[in-house]
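>>> just coords:
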């Protein structure tokens, strides 16, 4: 019996003792962390910078150009309309308009009223089925009157071909016998900064990369920025 007790294998240490040693190791390691250089370096009290209490002057959209290139009843060559197809322009069906007023004039007036619900005090100018010269005169005039404020340019191109990969939209010649390309670079040059562009036409997304390019998307010398946006065709 005595020899059996002496040769008996030793029991493993108690679990409680093992947990206690683990806690001691953690505390020791924690003390080492707290003695690191980043904890004992000198520091300054954080000073919160309060924003100025005066409200900054908000930029206003003071001029709006509504350019509609519809040429109603004449489909552009690159568009094959299905039957039925979308016909509404500003919720107006051109084929059912009052004959006392031209359909394109009714559409332009309806579009202007929709914008006036957002900005009633802005100066609105419509250009219906224009040539390049008319668009240029309109843009230069609006920028001159807007000065450093924002100009909005809305283009409806449902009656002309789609924008090109070179960043061109389409207008008309004087006799409405040809479609004339208008570069968005020229357009941005006439309108200046800051500006907003709304393109309501098919395939409008191809124009965005030209506004983001170095040549077109630029800022004026006084820091004013320009804005560009593309919209797909709708009613």
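Yep, that arrived. Computed from a predicted structure; not experimentally measured. Numbering: from 1, shown residues only.

>>> Residue 97 versus residue 104, what's the distance?
Separation of residue 104 from residue 97 (C-beta to C-beta, to the nearest Å) stands at 9 Å. The C-beta positions use only the backbone N, C-alpha and C, and glycine is treated the same way.

>>> out of these two, which sits in the busier spot?
residue 104 (22 against 17; other C-beta atoms under 10 Å).

>>> pull the helix or strand with minimum mean pLDDT from this structure.
The weakest-scoring helix or strand in the chain, judged by mean pLDDT, DSSP states H and E, is strand 231-232 (a mean of 45).

>>> can you pull up the bridge partners for the residue nearest to residue 68 when sequence neighbours are not counted?
Of all residues beyond its chain neighbours, the one nearest residue 68 is residue 156 (4.6 Å), with distances taken as C-beta to C-beta, 6 or more residues apart in numbering. Per DSSP bridges, the residues bridged to residue 156 are residue 68, residue 200.

>>> Which pLDDT value belongs to residue 156?
Listed pLDDT for residue 156 reads 95.

>>> looking at it, it is touching residue 67, isn't it?
Yes. Counting by C-beta atoms under 8 Å, residue 156 does reach residue 67; the two are 7.1 Å apart.

>>> in its sheet, what does whatever helix or strand residue 171 lives in sit against?
Residue 171 is part of strand 168-172 when elements are defined by DSSP states H and E. Strand pairing for strand 168-172, using DSSP bridges, gives strand 179-183 (antiparallel).

>>> what does the strand it pairs with rub up against?
Counting by C-beta atoms under 8 Å, 6 or more residues apart in numbering, strand 179-183 makes contact with 76, 131-132, 135, 160-161, 164, 166-173, all of which sit outside it.

>>> Between the residues you listed, identify the one with the most neighbours.
Most surrounded of the contacts of strand 179-183: other C-beta under 10 Å gives residue 160, at 27 neighbours.

>>> for it, helix, strand, or coil?
coil (DSSP: H, G, I helix; E, B strand; the rest coil).
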